[in-house]
Each structure stands twice: as structure tokens, then as C-alpha cells.
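S.K.: the sequence isn't on hand, but the structure is:
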Ligand code: 5AD
Ligand code: SF4
């Protein structure tokens, strides 16, 4: 019998990339094969993101493109992940191309739902769980020198703008032993770098172990050369974690520390539970203990009722902190969030866009300055694969900055950890030569 072929398209964050690997493992165990295009697939799955409106629109766009294929060949279409809660109504109303809808905690139900869909029955499982961590499933990873491990799922912070607590449910952690065993297996198969993922990694808890314990345990595994993590919440960054990052040679000197806003009233409205002064004090504490640290951030411009003067405080904070890079977003109202229920989305779109543009321009100047300051220095790069050009290698510095260099020396391959001298720099990329 012909093996049914599945094409999975993944939208959104690293957690979704990881979930796609889990879904592949679940489907593979039930005899499905995989293809890299909708044209050759029997089943197309979209692993979706709901964090901002444009992510949402992109998924609708892609669904539209599948319409002719569904008509021609009776393609089965499944939607996975964070948009599941939102699309429930569409399925119930019966007015959709979607055959199968599965939320982030219900991927184990997918094979059964696909079998029913092949027989013409639409179905969905979108319940959220307080326990599901998929701890027993080994993700079907595309072989490489880097890998993700989700160490916790869900979020209990309820930042007022954020849909994640609703789409991904309550916080829960995997146990440390299982994570270490998975990382050991990765090391044995040639993986050099592990990134520990969670919506809020500082809330990681396993009996007596906290996130610093976990990070150190993974960093001590033989064969793992680098450990990264994302993201911590600035409300709690314990000294113990800072000591781990600063003190362990294999824990990368990079912290992604989402700011969101630099004004106290807006931070309060966002329910971020820290003040501007507390955030700045944390940055000082981190830089004092670990001067080599690379800091990056996320910022939202144009949150409900944000004035010009309040935005100016965010701008000022970015200028002061000088992040190495930043993701900067227009506020996008998400259905059912606290902000959508309690506050008016009243900053005009043109002003949101202008604030984003001003921050981006400021940040690009800072990023370029910081990258150019590295010219002439020798840094260690983990080679991840080919650059855009086949005669170049692409890798990252310990601080996570993309670095490209010519393939001249022999003996270098994906997974090599080598010293390069930086010769040139742009806003996003370092150019180097092997030394
Ligand atoms: N609008 C804009 N940006 C958002 N983010 C989360 N929710 C929203 C929203 N409603 C951003 C935050 C978060 C990042 C992952 O996405 O900056 O840190
Ligand atoms: Fe969303 Fe805040 Fe949780 Fe991050 S910490 S996932 S921004 S609610």
C-alpha cells in the first residue's frame, strides 16, 4: 500500500518548529511519510501562530492557496497549533476547507483524526492540558548540529497583550532527567548545540531543580559544546542563573530579555510586573557580572493609550541599553486577551508604524556600531552549514551573531567550532576569515 505523504508548513516561533518535529514523530510512528511540497502531498498540515494579526493573516492566505488542490485531489487539510482555539467556530459552522483542527496539547490525537478525515469526517481536539509535555516523544529532527528542546510549555504570566496563555494554556515543566537523557542522545548523534525553549524559562521547576540546575546539567554533557535558552522574563532573573551563564564556558553569553516598553504606566497596563528602573537595574547587574554578554530584546510600540511622551521613554531606554539587536512590533490586538477586553486599541495605525520605524532606525544604528566594533577581533564560531553562497560557511558567534566566511581551509565542516577573525560587518551579519 502507498504510504500517505504529509507536508507540514510551520509558522511562528521556535516552539512551533519544535512542535512540528514532535508531530512528525507522532505521524511517522503511525506509518506516514513526508514530502516537501503541497503538490505531492495527501495531507497538508499548517502549524499556526496567533501572536500577531499578520501571522494570522498569513495562515488564511496559505489556506486559500490550498483550495484548488483540495478540489482536484481531495487533499486532507489540517490546522495545528496556536490558531486552533480561534478556528473552532469555523469548524463547528462547517464552513471551512479545514478537515482537522488540533491544539498544541492534542497532537497525540492527530493520527486518528487524519484517518477519519480520509473517510470524509471532519474533526477537532483543541482542549488544553495541565500535564501534557510530550516528554516520552523523541522529536523527529532534521539532522543537524543544533537542536531545540522544549523544557516547559504554556505561560501563566498573562501579559495583557498576549494570547499565549489562552492558546497554549498553563505552565508545566518536563523533568530534568528526561531532558538530560534527550540531550545526551543528541550529543551522541553529533549535535553540538542545544537551545532550551520555554515561554518563560525562569518558571521551570522540577521537584528540587530550577532552571539554572537544568541549564548546568545540560551544559555538562560531553559533546555538547554550546547551550542557549529562550526566553527568560525580566521579572525574575535569579543570581544563580546569572552565575551559571557567566561562569560556565559552554553556556552562551547571550540573553534575550524582552522589554516590551520603557514607561512605567504602560508596563503596568501590560502587566509586566517590573518597572523601568527595575529592568535597568537588571541590565546593570547582568553586565556587571558578565561584561561579554550580548543582550537582545522584544518591544511593542503603540500599545493601548501609549502617548508620545511614554513612547519616548521606550526610545530612550533602547538608546541607553544599546541592545545588540531587537525585534520591534506594532501592537496588534488579539481576541479575548485582557487588553482586548479592558482597553481600547486607540493608537492610530500610522502612529504605531511611525514609532516602529523610529525604533528600528535607532536599533539598526546601534547594531551596526556594535558589529563594526568587532572588526579585527578573533571570535569562536560554531559552523552551522553553507552560507547563501556555496563557497561560504555560515555560523554563529557565542553571542548568536550570524557570521559568514569563505571555505578555503580544509578540515572545517558543519559542527566545527573554530576561531575566525572579523573583517567586515553589516547590521545583521559579520564577515570573517578563518585563522
Ligand atoms: N502585539 C504585538 N506584539 C506582540 N507580542 C506578543 N503579543 C503581541 C501583540 N498582541 C510580541 C512580544 C513578545 C513577542 C514574542 O511577540 O514582544 O515578546
Ligand atoms: Fe505572552 Fe507574557 Fe507569557 Fe511571554 S510572558 S508568552 S509575552 S503572556
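M.R.: Everything's here; your move. Worth saying up front: this structure is predicted, and the values here are computed from it rather than measured. Ligands and ions are numbered 1, 2, ... in the order given.
S.K.: show me where the stretch 151-300 of the chain has its strands.
M.R.: 152-153, 172-173, 193-197, 205-206, 209-210, 226-230, 254-256, 294-301 (DSSP state E, counting those that start in this stretch).
S.K.: so for ligand 2, which of those strands sits nearest?
M.R.: Using Cβ to the nearest ligand atom as the measure, strand 294-301 is the one of the strands of the stretch 151-300 of the chain that comes nearest ligand 2, at 8.0 Å. C-beta: built from backbone N, CA, C; applies to glycine.
S.K.: close to ligand 2, is that closest one?
M.R.: No - judged by Cβ under 6 Å from any ligand atom, strand 294-301 makes no contact with ligand 2; its nearest approach is 8.0 Å.
S.K.: what comes up buried for the following helix or strand past that strand?
M.R.: Next helix or strand after strand 294-301 toward the C-terminus (DSSP states H and E): helix 308-321. By 16 or more other Cβ atoms under 10 Å, the buried positions in helix 308-321 come out as 310-311, 313-315, 317-318, 321.
S.K.: just send the strands of the stretch 151-300 of the chain back as a markdown table, with mean neighbour count, distance to residue 116 and mean pLDDT too.
M.R.: Formatted as a markdown table, the strands of the stretch 151-300 of the chain follow (neighbours: other Cβ atoms under 10 Å; distance: least, Cβ to Cβ, whole Å; pLDDT from 0 to 100):
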| stretch | mean neighbour count | distance to residue 116 | mean pLDDT |
| --- | --- | --- | --- |
| strand 152-153 | 26 | 26 | 96 |
| strand 172-173 | 21 | 29 | 97 |
| strand 193-197 | 21 | 31 | 98 |
| strand 205-206 | 17 | 37 | 96 |
| strand 209-210 | 17 | 41 | 97 |
| strand 226-230 | 23 | 37 | 98 |
| strand 254-256 | 22 | 41 | 98 |
| strand 294-301 | 22 | 40 | 98 |
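S.K.: which ones among the buried residues of helix 308-321 come in contact with ligand 2?
M.R.: Among the buried residues of helix 308-321, ligand 2 is touched by none when using Cβ under 6 Å from any ligand atom.
S.K.: would you mind listing what in the stretch 101-250 of the chain touches ligand 1?
M.R.: Going by Cβ under 6 Å from any ligand atom, the residues of the stretch 101-250 of the chain near ligand 1 are 161-162.
S.K.: contact residues of the stretch 101-250 of the chain facing ligand 2?
M.R.: So the stretch 101-250 of the chain meets ligand 2 at 155, 157-159, 162, 164-165, 199-200, 233 (Cβ under 6 Å from any ligand atom).
S.K.: distance of residue 338 from residue 265?
M.R.: Using Cβ to Cβ, to the nearest Å, we find residue 338 at a distance of 16 Å from residue 265.
S.K.: buried residues of stretch 170-188, list them for me.
M.R.: Those would be 171-174, 176, 179-180, 182-183, 186-187, for stretch 170-188 by 16+ other Cβ under 10 Å.
S.K.: more neighbours: which of residue 338 and residue 265?
M.R.: Ranked by neighbour count (other Cβ atoms under 10 Å), residue 338 and residue 265 place residue 338 first, with 16 against 13.
S.K.: so what's the residue lying closest to that one once chain neighbours are set aside up against?
M.R.: Spatial nearest neighbour of residue 338, chain neighbours left out: residue 160 (3.9 Å); criterion: Cβ to Cβ, 6 or more residues apart in numbering. Residue 160 is in contact with 269-271, 337-339, 342-343, counting by Cβ atoms under 8 Å, 6 or more residues apart in numbering.
S.K.: how far away is residue 142 from ligand 2?
M.R.: Counting by Cβ to the nearest ligand atom, to the nearest Å, the gap between residue 142 and ligand 2 amounts to 26 Å.
S.K.: next: residue 435.
M.R.: From residue 435 across to ligand 2, the span is 40 Å (Cβ to the nearest ligand atom).
S.K.: pretty sure that residue sits against residue 378.
M.R.: Yes - counting by Cβ atoms under 8 Å, residue 435 touches residue 378, with 5.8 Å between them.
S.K.: between the two, which contacts overlap?
M.R.: The contact sets of residue 435 and residue 378 overlap at 419-421 (Cβ under 8 Å, 6+ apart).
S.K.: among the residues you listed, which ones are in strands?
M.R.: Mapping the shared contacts of residue 435 and residue 378 onto strands (DSSP state E) picks out 419-421.
S.K.: report the buried members of those residues.
M.R.: residue 420.
S.K.: in CSV, list the ones in strands among the shared contacts of residue 435 and residue 378 along with pLDDT and distance to residue 133.
M.R.: Below are these laid out as CSV (pLDDT from 0 to 100; distance: Cβ to Cβ, whole Å):
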residue, pLDDT, distance to residue 133
419, 95, 39
420, 96, 39
421, 98, 43
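S.K.: which member of the shared contacts of residue 435 and residue 378 is positioned nearest ligand 2?
M.R.: Using Cβ to the nearest ligand atom, the shared contacts of residue 435 and residue 378 come closest to ligand 2 at residue 420, 34.4 Å.
S.K.: now the closest one, nearest residue through space, not along the chain?
M.R.: With sequence-adjacent residues excluded and distances taken as Cβ to Cβ, 6+ apart, residue 420 is closest to residue 432, at 3.8 Å.
S.K.: on that earlier part again, ok, of the buried residues of helix 308-321, which one's closest to ligand 2?
M.R.: Within the buried residues of helix 308-321, distances to ligand 2 taken as Cβ to the nearest ligand atom reach their minimum at residue 314, with 15.9 Å.
S.K.: surely that closest one and residue 265 touch.
M.R.: No - the pair residue 314 / residue 265 is not scored as a contact, 11.7 Å apart, by Cβ under 8 Å.
S.K.: what bridges to the residue in the chain positioned nearest to ligand 1?
M.R.: Residue of the chain nearest ligand 1, by Cβ to the nearest ligand atom: residue 298 (3.4 Å). Beta bridges link residue 298 to residue 327 when assigned by DSSP bridges.
S.K.: contacting residues for residue 24?
M.R.: Going by Cβ under 8 Å, 6+ apart, residue 24 touches 8, 34, 139-140.
S.K.: for residue 280, that is, sorry about that
M.R.: By Cβ under 8 Å, 6+ apart, the contact set of residue 280 is 317, 320-321.
S.K.: 10 Å instead?
M.R.: Contacts for residue 280 (Cβ atoms under 10 Å, 6 or more residues apart in numbering) come out as 262, 274, 317, 320-321.
S.K.: and what of residue 42?
M.R.: Residues in contact with residue 42, defined by Cβ under 10 Å, 6+ apart, are 2-7, 32-33, 35, 73-76, 114, 118.
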